[in-house]
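In: structure for the following, please:
(chains A and B)
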Amino acid sequence: MATSFDVIILGGGPAGYVAAIRAAQLGLATAVVEKEKLGGVCVNIGCIPTKALLHSAYIARLLQEAKEFGVEVGSVKTDYGVAMKRSRQVSDQNSRGVEFLMKKNKVTVIKGAGVLQPGKKVKVGSDVYEAKKGIIIATGSRVKGIPQIGLEINKSTVISSDEALFLEKTPASLAVIGAGAVGMEFADIFNAFGAKVTLIEALPRILPLEDAEASDTLAKSYKKRGIDVIAGAKVTKANVGKDKVVLEVEAGGAKQTVEAAVVLMAAGRAVNTENVGLKECGIQLTDRGFIKVDQRLQTSTAGYYAIGDVAGPPMLAHKGSREGVVVAELLAGHKPYPIRYDNVPSVTYCHPEVASIGLTEEQCKERKLDYVAGKFPFSANGRARGTGETEGLVKILRDKKYGEILGAHIIGAHASEMIHELAVARENEYTVEEVDLAIHAHPTMSEAVAEAALDSLGRVIHM
Amino acid sequence: MATTVHMEALSPTMEEGRLVKWTKKEGDPVKTGETLAEVETDKAVMELVARADGQLVKILVPEGKTVPVGDPVAYIGAPGEKVGDGGPAVPAAAGKGMGEGGRGLPPPPPTPAPAPQTTVADERVKASPLAKRIARETGVDLKLVSGSGPGGRVVKRDLEGGSPAPPAPIPHPPSPIPVAVRSGAAYEDVPLTQIRKTIARRLVTSLGPIPHFFLTTEVDMERAADARAALNKDLGDQGKVSFNDIIVKATALALARHRACNAWFQEDHIRYWNEVHLGMAVAVEDGLITPVIRHADQKTMSQISVEARALADRARRRQLKPDEYTGATFSVSNLGMFDIDQFTAVINPPEAGILAVGTVVEKPVVLEGQVVPRRRLRLTMSCDHRVIDGATGAVFLKTLKQMLENPLAMVL
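Out: Predicted coordinates for the structure are as follows:
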């Protein structure tokens, strides 16, 4: 195997492997160092398998309501083990897909844990590889527990998504700590598979980074299907037993006890910056522990770049992938268009889905922007009524003066797919007028996007 | 992956460009910003620069060919990279001539783009809808803004903070225009150069639809000539004031007093300008161009003199920036140096008038019953009757005549 490459990438997740493909496309000799499976957390224990499980959850719920639609299926039984195995197959297919892409693009895959060395070198086991143009650090992140209150992940009663994805059966009861995207999605899955779910969030509302209207809609929807939602809650104490955990929770001045067979920690992620030789290469971290990078994503040491979760928030696969493309192009001597970090879509795939781009209404208020919120509920959309997916709404925040789309939020079925119309609009600086000018097919849920645009102009049609 | 080099719109009105000369050969290494070729636009010969680093792997358009803006002309790629030969991009020369005949309707005459008030909404400018909206409401001329978005698109960021800088000019030495060589044939077809095409297109949009009428007056230039001689004696080596400079200054001052003649006809409205931006027709090889002296009424004679000479010089060398030849509110055309006594000039739309200046001749004039030799000048003003009526134009000309006959009136 060659020991010298143009580019060596540490980590084969969605940031690293995309960087590798782009670098190879540009004619650079490229290697990826990966200690586990290609595709990283996203493909193996993140985005992809959870989407498979969420679809199982969706089917379970759909079948329970099927009678209303004129389809009788008898009693609905669920089996998490089967759903889990299917999700593993999906992950494996995707990981093999990445392997194939590496081969197709003639990217060398080095198996093992890479450690950076000065002089643009990477040590894997006893082998040392050298990069002529640059090294890209894409080591990603992992789940973290809250050891301070006794909630250290023990992989039996206190677990993370890593374990939840491999459970053979649904626990009888589950407390989910953290109501960000991961917490919301697992609460949704395990509720559909029959667990008694309690969702605990420290901040005043669930989905704290999304628009408050998204939080409210989801809180209502979750409560309706029997999920206990406790927001603004502090877990003060945890009693971890052999087959159950008792949590003491303080919310709104009141104390309560939550008992669950399993606690799922979904309160943030820690970046993988340890044991990769950052210090030895003089690579500095930010106050928050991310790798410090400049506008070109170069670290404090020339020739070393960082992308994806280690390079800072938002910790999203698609943001990392784009950073990978940009660094690959820079290393090939191109001038890529800079990334607009304020235009990265954010999606939570719970039911109903939440997808957003740009500012929330709360952020518009904080920044004292002169805005108008245009809204359109799916309950007024013909297609949504037809499929019984009337929960949620589209909300577009329009700058009053010039019509700029400051932010857009979709809460509802297929929100993850519909948000991209608004991502394209914002990226190209279309105003709400241009969004409406594009004729939207009828009947579609996307019509609600055009209607929300019109509503922000005070001329909504179907309401 | 190779980067395609396109024919770029190097001036606001450019629709196609003639590839005068490749300054790089196939196989040459190129860097972003380096000149690849000289392109003759409708106004000037300008440089087409590389937008990527690499090697000029393939030239698609041979020298001398004209291609529409946006068509690929070359590829930049990695050394040795193979690219498609882009065959269809180059129009076959034989049947189609220089490619003008088959193309749709001529575009409307460009709205010149001067000072802030200009409207920008309806023109094809590479800008995001948001940038267009901001420009429209803040009165920024998008054509003067250099875009930082993909493909040079003007985006919101480019309009934030401070007044927009005009795009950097690309200075360039004059390039020879092909001259017909006498051969044995009965005739020779010489393709229209870009500047000729623009002149042709613009003239028919003027004399055809604009109801011209003409007013002529004869001006006694004795005092002006004396004043000029005295001024030039004082100035010595610091330059010379020409009759034209004096006429430009007087015209600008007269326009400032007669806003009715300092106007644009804008189809559904007339824009009366409060500022005076004077266009000054300059003959260049193969055509003419009208550089603009901005705020001419507020400039001193010697400022005008210096500026007029510099603009004329740059015009002849085809180095004018787009914002240097657009936005006049009125124009002056002078053929005095060719001993033309009097002529009529064609209005440069949307301006409402143009002044044609003849030569200063000494001739016998009856003054207080005596025949005396006087230096005289004939001025003819072409007026757009939709804006200027006979009396309006006459009053303006009278003021102008008075100023020239009594140069002291200019300091009033």
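In: packing partners for whichever strand or helix holds A:Arg96?
Out: Element membership for A:Arg96 (DSSP states H and E) is helix A:80-104. Under the contact definition 3 or more CB pairs under 8 Å, 6 or more residues apart in numbering or on different chains; DSSP states H and E, helix A:80-104 sits against helix A:14-25, helix A:40-45, helix A:47-64. For every residue, glycine as well, the C-beta is placed using N, CA and C.
In: looking at these, which is closest to A:Tyr129?
Out: helix A:14-25 (13.8 Å; CB to CB).
In: residues near the residue in chain A positioned nearest to chain B, how many?
Out: Relative to chain B, the nearest point of chain A is A:Glu429 (3.3 Å; CB to the nearest CB). Using other CB atoms under 10 Å in any protein chain shown, A:Glu429 is surrounded by 24 other residues.
In: doesn't B:Lys132 make contact with it?
Out: No. Using CB atoms under 8 Å, A:Glu429 makes no contact with B:Lys132, being 9.1 Å away.
In: and chain A, what are its domains?
Out: A:4-142+A:270-341, A:147-267, A:352-456 (automatic domain parsing).
In: I misspoke; the intended subject was chain B.
Out: B:3-84, B:107-168, B:198-411.
In: weakest of these by average pLDDT?
Out: Among the domains of chain B, domain B:107-168 has the lowest mean pLDDT, at a mean of 65.
In: nearest to A:Gly386, out of the domains of chain B?
Out: When the domains of chain B are ranked by proximity to A:Gly386 (CB to CB), domain B:107-168 comes first, at 33.2 Å.
In: report the contact partners of the residue in the stretch 251-400 of chain B that chain A sits nearest to.
Out: Nearest residue of the stretch 251-400 of chain B to chain A, counting by CB to the nearest CB: B:Asp268, 23.0 Å away. Contacts for B:Asp268 (CB atoms under 8 Å, 6 or more residues apart in numbering or on different chains) come out as none.
In: and it, that's in a strand?
Out: No. Looking at B:Asp268 with DSSP: H, G, I helix; E, B strand; the rest coil, it is coil, so not inside a strand.
In: measure how far the helix holding A:Arg96 is from the centre of its chain, please.
Out: 18 Å (CA atoms, centre = their mean, to the nearest Å).
In: that one vs helix A:47-64, what angle?
Out: Computed with axes from the mean of the first three to the mean of the last three CA atoms, to 10 degrees, the direction of helix A:80-104 lies at 140 degrees from that of helix A:47-64.
In: which positions in helix A:80-104 come out as buried?
Out: Using 16 or more other CB atoms under 10 Å in any protein chain shown as the test for burial, helix A:80-104 gives A:80, A:83-84, A:87, A:90-92, A:94-95, A:98-99, A:101-102.
In: could you measure from A:Lys104 over to A:Ala15?
Out: Distance, A:Lys104 to A:Ala15, using CB to CB, to the nearest Å: 19 Å.
In: likewise B:Tyr325?
Out: B:Tyr325 is 50 Å from A:Ala15, by CB to CB.
In: more crowded one of these two?
Out: Legend: neighbour count by other CB under 10 Å for B:Tyr325 and A:Ala15, higher for A:Ala15 (33 against 24).
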